[in-house]
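Colleague: task: produce atomic coordinates for the following.
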Amino acid sequence: MKNKNKKIDYSKARRAYLKKIKKDKIWVLFWQIAIFAIILGLWELLAQTGAIDPFFFSSPSRIAVTITGLAKTGNLWHHIWTSLYETIIGFLLATILGVLIAILLWWSEKLRRIMEPYLIILNSLPKIALGPMIIFWVGSGSGATVVMCILICIVITTISMLNAFISCDNDKLLLMKSMHANKFQILFKLILPNAIPELASVLKINVGMSWVGTVMGEYLSSKAGLGYLINYGSQILKLDIVMASITLLCLLAAGMYLLVSPLEKKCRR
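Modeller: As a prediction, this is how the structure comes out:
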């Protein structure tokens, strides 16, 4: 009888706990939406009352009108698609290449010690400084944008994954070595599975960094893309186009983040 009562109490406590978690999620989501709505409302109010100059700061209504106008011409979808596929290609290539380089550096300690200073230097180098050289190497257009995107993401990916590989539990390494596991077995059965949570975090970082690379690349040499629209809008003093492009960039980046974020939560369970 006592065991039955304990079971009932446990189920009640669990239901209360799950209810509290659900309530917290709803509360957080509510305030996220509320803060966003307040910012938009305040921005629109200040623009309409003349407290801020809409020419310099635009407004949500002007941004909506600009996006609608660009969509009607058909050019908007071309610019969105150009930026999106450049970002996705750069994001995927940088992540894959960064992981492979990290594996290579983990595999050879001597090579890691030789290359470590160069990784630090490359990470601190402003990638925009390489812009003119990238244009000479691969030409203008999408190729240069993808290369810029890769250069921004690949070093961060390499360093983060290499640190994850090196920080693997030494006791587990010694155990596998004592069982005569070769380096391939250690890599695929211990090192890589242990680094999956870090890979998920790197993917989240690369979402933002890849969009930075895309916009920088399109600033340098492009005839299409949201970065091109931002540059074009600033040149002709149409800041509504600039703000509309930035808004679309935020929405696309948020969409990619929402696709990657569940992977990190799943990996950390």
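
Colleague: export stretch 62-82 as CSV, just CAs?
Modeller: Provided in CSV are the C-alpha atoms of stretch 62-82 (Å, rounded to 0.1, in the frame of the first residue of the first chain):
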residue,chain,number,x,y,z
ARG,A,62,8.4,51.8,-44.5
ILE,A,63,10.4,48.6,-44.4
ALA,A,64,7.3,46.5,-45.0
VAL,A,65,6.4,48.8,-48.0
THR,A,66,9.9,48.5,-49.4
ILE,A,67,10.0,44.7,-49.1
THR,A,68,6.6,44.5,-50.8
GLY,A,69,7.7,46.7,-53.6
LEU,A,70,10.9,44.7,-54.2
ALA,A,71,8.9,41.5,-54.1
LYS,A,72,6.5,42.8,-56.8
THR,A,73,9.4,43.5,-59.1
GLY,A,74,10.6,40.0,-58.8
ASN,A,75,14.2,41.0,-58.0
LEU,A,76,13.9,40.4,-54.2
TRP,A,77,13.6,36.6,-54.6
HIS,A,78,16.7,36.5,-56.8
HIS,A,79,18.7,38.5,-54.2
ILE,A,80,17.4,36.3,-51.3
TRP,A,81,18.2,33.1,-53.2
THR,A,82,21.7,34.3,-54.2
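
Colleague: mind listing what's buried along that stretch?
Modeller: 62, 63, 66, 67, 70, 76, 79, 80, 82 (16 or more other C-beta atoms under 10 Å). Just so you know, the C-beta spots here come from the backbone N, C-alpha and C atoms, and that holds for glycine as well.

Colleague: which one among those gets closest to residue 139?
Modeller: For residue 139, the nearest member of the buried residues of stretch 62-82 is residue 82. The distance, counting by C-beta to C-beta, is 15.6 Å.

Colleague: tell me who's in contact with the closest one.
Modeller: By C-beta atoms under 8 Å, 6 or more residues apart in numbering, the contact list for residue 82 reads 142, 222, 224, 225.

Colleague: list the buried residues in the strand or helix carrying it.
Modeller: Take DSSP states H and E as the rule and residue 82 turns out to sit in helix 75-107. Within helix 75-107, the residues that qualify as buried by neighbour count (16+ other C-beta under 10 Å) are 76, 79-80, 82-84, 86-87, 89-91, 93-95, 98-99, 101-103, 105-106.

Colleague: one more: stretch 183-191?
Modeller: 186, 187, 190, 191.

Colleague: what sits up against it?
Modeller: The set of residues that contact stretch 183-191 without belonging to it, under C-beta under 8 Å, 6+ apart, is 103, 106, 107, 165, 168, 172, 173, 176, 177, 181.

Colleague: with pLDDT as added columns, please give those in a markdown table.
Modeller: Conversion of the contacts of stretch 183-191 to a markdown table gives the following (pLDDT from 0 to 100):
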| residue | pLDDT |
| --- | --- |
| 103 | 92 |
| 106 | 89 |
| 107 | 88 |
| 165 | 88 |
| 168 | 80 |
| 172 | 80 |
| 173 | 80 |
| 176 | 80 |
| 177 | 80 |
| 181 | 79 |
